[in-house]
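Novice: The following block contains a protein sequence and its predicted model.
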Amino acid sequence: MCDKCAISTSSAHAGRNRQIWSDSGCMQRSAGLRAIATRLAAAQGGAISRDQLVRTLGWSAATIRTQLDAQRWQQLFPGVYSVTTGEPSITCLWWAAHLCRGESSALTGESALQAWGVSKPMLPVELWVPSTSSARTVGITIRRSVIVPQIRRPPGLPPAVVTQLALLIVAERLGVTETAALVSSCCQKGLVSPLQIEDAMQGQRIRHRQAIVEVLAEFRSGATTPLEIAGSRRILKAHGLPMGEGQVRSEIARRPVVRDRVVHGLVIEFDGRLGHADPRGRFRDLSRDNQAMLLGMPTLRFGWTDVHQQPCAAADQVHLALAQLGFPATLRPCSPNCACRNLPTRAHSDAAPAVTRYQSVRETM
């Protein structure tokens, strides 16, 4: 081989090596950029915005397009991406919606309650934005208002309207029963206090205001579950019966027990699904009732049907049981159509003697 050919061959090899080194450097740089972007997205549920990529990390539009074309990433909303290709989590979608609409946005309504742990996370994503923002983004339910709500950031999640405000927002589209259940559930879980809800209601037009106020009053008096609060209102308070004491603690065989409500020695329990649905819970309830009876504290136990469909019949039973314990009370009609049989102004031709009727109550207890 002549010197000229040798020089030509050597130059070709050097060119190929430089190309390999250049390609290797590009690949390493690209992998490094992806790693940095992935770490940033990990703190945001797996979502990252174009603005963060370009302004913070120095990416180009072509680099972003490469990730999408290679199907390493997927676009969730305009200008927002998921750094994985699987089904995005609800946390990822919450972050993506927030990144899409900007720093001034916050989860609101159902999404805010879910973020604060009130209910199970699910779609759609509900987001608050200032009134000056555009009203529509496909895939996001937008709520706009002039007044900026109180906002906090749940751990690991985007900003969200505080629990008490989100509760009142959702109550605007619920019925009175659902609203009462929601308020009592939030208070029972310790996610918000009655005082916080009352403060949030100040100076605002609130749907179901009276029902919310009554639920908060019942919660302060010791009622903690939606069924217990409804039962106290519909059976006792509505019929003028004494309210007694809620969440009364005592001991049976050196084990602590909590009675839903005790009225002049009469134990009243409200059986919702929580804590009563399994066989062990049922046997535990029976044992507690038997022990209470041995202590001279008879028990009346009411379920959902008694509270919501037959509160007048339940009030009759409470009235008779209290009289049997030596604490007669005067029943008050809950409405013009009250179905109580023991109202003082109503005579019944088939009324049985008091002793016989008390005995019948004892037999049903």
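Specialist: Right, received. Where do you want to start?
Novice: And the pLDDT for the residue nearest the centre of the chain?
Specialist: Most central residue of the chain, judged by C-alpha distance to the mean C-alpha position with C-alpha atoms, centre = their mean, is Val118 at 1.7 Å. Per-residue pLDDT puts Val118 at 90.
Novice: One more: Ser10?
Specialist: The predicted local distance difference test score for Ser10 is 48.
Novice: what about Val148, how many neighbours?
Specialist: Number of residues near Val148 (other C-beta atoms under 10 Å) recorded here: 11. Glycine gets a C-beta too; all of them are placed from N, C-alpha and C.
Novice: Any idea which helix or strand in this structure has the lowest mean pLDDT?
Specialist: helix 354-364 (a mean of 40; mean pLDDT, DSSP states H and E).
Novice: ok, back up a step: how about the contacts made by the residue nearest to the centre of the chain?
Specialist: The neighbours of Val118, taking C-beta atoms under 8 Å, 6 or more residues apart in numbering as the test, are 163, 166-167, 182, 185-186, 189, 191.
Novice: same check, this time on Leu227
Specialist: Shown here is Leu227, whose contacts under the criterion C-beta under 8 Å, 6+ apart are 270-272, 303-304, 307.
Novice: From Ala37, how far off is it?
Specialist: As for Leu227, its distance to Ala37 is 50 Å (criterion: C-beta to C-beta, to the nearest Å).
Novice: How about Ala61?
Specialist: Ala61 sits 14 Å away from Ala37, taking C-beta to C-beta as the criterion.
Novice: which of the two has more neighbours?
Specialist: Summary of the neighbour comparison: Ala61 and Ala37, criterion other C-beta under 10 Å, with Ala37 having more neighbours (22 against 10).
Novice: quick one, what contacts the more buried one?
Specialist: The contact partners of Ala37, by C-beta under 8 Å, 6+ apart, come to 48, 53, 57, 59, 83.
Novice: Can you report how many residues lie near the last one?
Specialist: This means Val83. By the measure other C-beta under 10 Å, the count of residues near Val83 is 20.
Novice: shouldn't it be in contact with Gln44?
Specialist: No: taking C-beta atoms under 8 Å as the definition, Val83 is not a contact partner of Gln44, at 9.5 Å.
Novice: Identify the residue spatially nearest to Arg50, adjacent ones excluded.
Specialist: Counting by C-beta to C-beta, 6 or more residues apart in numbering, Arg50 lies nearest to Gly79, which is 4.3 Å off, once chain neighbours are set aside.
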